[in-house]
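>>> got a structure for you, letters missing:
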DNA sequence: GCTTGACCTGGAGCGCACTCCAGGTTGGAG
DNA sequence: CTCCAACCTGGAGTGCGCTCCAGGTCAAGC
């Protein structure tokens, strides 16, 4: 049960201090420990959550949906199915996103090739 | 030189009418034709630009950068190199984005597999 | 000629996800 | 004991990219 100072948690998760506080304020990150003086102490478990949030944010999940996921997890084991489904649906959206990104990347590369082969055309 | 009504341009480009007007207002789309009565008429050339903007937006280019690109194109052939470089740098960022997305997608799939194999654990 | 749906303008408003701030507290190093 | 960097709070502000609105105009079909 190692404890991490806010700055350390920020460093490890890649979120800013303000973002960590914000995530706690909106209830995404719950029950973060405190010192007697009121300063936050993040556990390995908190860090695990942050790594998950990093993954979900990087793949474009809205914060509201992450809140829902976290809420379900807090409610206990019986929500495991719903949580899995939520992640599965998200994964499908990510697949679509990846396909679109690949398609548009190909367009972009084609456009660049056009510049390389026919330099100087002013049209779009 | 076919002309398209705003609603048709919106349908073909996937941008909303408001977005088309917005793009014109900020100078991203310039010199859009008008009827004698003041209603917009989009040309195939305009549509070509919109398709490019769609590509750049879908790959995450900020609007300010698209404006810069469009501005350069308007300045003439001598900016072709700069335009190509701008697109190239963007393409590199897109590649990084695709790698990150793939990595985080893999994490997500791993997480889902975990739910499928060990249903019911409450931790993150 | 009249109707009606598509279009026009300038400007305000929105949703998201932070980010910053002022003014005060904490706690480890020396 | 003192110092100062790191931390705390509530709340305001920011940046982006649209999106919506009111109040009016246009133009194609009947």
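Looks like it came in fine. Because the structure is a prediction, the values reported are computed rather than measured.

>>> Nearest the geometric middle of chain A, what residue?
Nearest to the mean C-alpha position of chain A, by CA atoms, centre = their mean, lies residue A:57 at 2.1 Å.

>>> contacts for the strand or helix carrying that residue?
Assigned by DSSP states H and E, residue A:57 belongs to helix A:44-58. With contact meaning CB atoms under 8 Å, 6 or more residues apart in numbering or on different chains, helix A:44-58 is reached by A:1-2, A:4, A:9, A:12-15, A:20, A:23, A:28-29, A:32, A:42, A:63, A:65-66, A:69-70, A:90, B:100-101, B:104, B:107-108, B:111, B:123-124. Yep, even glycine has a C-beta here, placed from its N, CA and C like the rest.

>>> at 6 Å instead, please
With CB atoms under 6 Å, 6 or more residues apart in numbering or on different chains as the test, helix A:44-58 has contacts from A:12, A:13, A:14, A:66, B:100, B:104, B:107, B:108, B:124.

>>> is it up against DNA strand D anywhere?
No: legend: contact between helix A:44-58 and DNA strand D by CB under 7 Å from any atom of the strand is lacking; minimum distance shown is 11.9 Å.

>>> Show me what the next helix or strand after that helix is packed against.
Downstream of helix A:44-58, the first helix or strand assigned by DSSP H and E is helix A:63-75. Here helix A:63-75 is seen to pack against helix A:80-117 when contacts are counted using 3 or more CB pairs under 6 Å, 6 or more residues apart in numbering or on different chains; DSSP states H and E.

>>> Now find how far off-centre the helix it packs on is within its chain.
Relative to its parent chain, helix A:80-117 has a centroid offset of 16 Å by CA atoms, centre = their mean, to the nearest Å.

>>> list the buried ones in stretch A:74-86?
A:79, A:80, A:83, A:84, A:86 (16 or more other CB atoms under 10 Å in any protein chain shown).

>>> Make a markdown table from the residues you listed and add pLDDT to it.
Converted to a markdown table, those look like this (pLDDT from 0 to 100):
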| residue | pLDDT |
| --- | --- |
| A:79 | 95 |
| A:80 | 95 |
| A:83 | 97 |
| A:84 | 96 |
| A:86 | 98 |
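
>>> Give me the phi and psi for the residue of chain A found nearest DNA strand C.
Residue of chain A nearest DNA strand C, by CB to the nearest atom of the strand: residue A:37 (2.4 Å). Dihedral pair for residue A:37: phi -80, psi 0, per degrees, to the nearest 10.

>>> got the angle between the helix holding residue A:57 and helix A:63-75?
150 degrees (axes from the mean of the first three to the mean of the last three CA atoms, to 10 degrees).

>>> So which residues on chain A come close to chain B?
A:48-49, A:52, A:55, A:58-59, A:76-77, A:80, A:84, A:87-88, A:91, A:94, A:98, A:100-101, A:104-105, A:107-108, A:112, A:115, A:119-120, A:122, A:124 (CB under 6 Å from any CB of the partner chain).

>>> May I see the PyMOL selection of the buried members of those?
In PyMOL syntax, the buried subset of the residues of chain A next to chain B is picked out as below (16+ other CB under 10 Å):
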select buried, chain A and resi 49+52+55+58+59+80+84+87+94+101+104+105+107+108+112+115+124
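
>>> was I right about residue A:104 contacting residue B:59?
Yes: counting by CB atoms under 6 Å, residue A:104 does reach residue B:59; the two are 4.9 Å apart.

>>> Skipping adjacent residues, who's closest to residue A:91 in space?
Among residues not flanking residue A:91 along the chain, residue B:108 sits closest, at 5.4 Å (CB to CB, 6 or more residues apart in numbering or on different chains).

>>> That neighbour reaches residue A:89, doesn't it?
No: with contact defined as CB under 6 Å, residue B:108 does not reach residue A:89; the gap is 11.2 Å.
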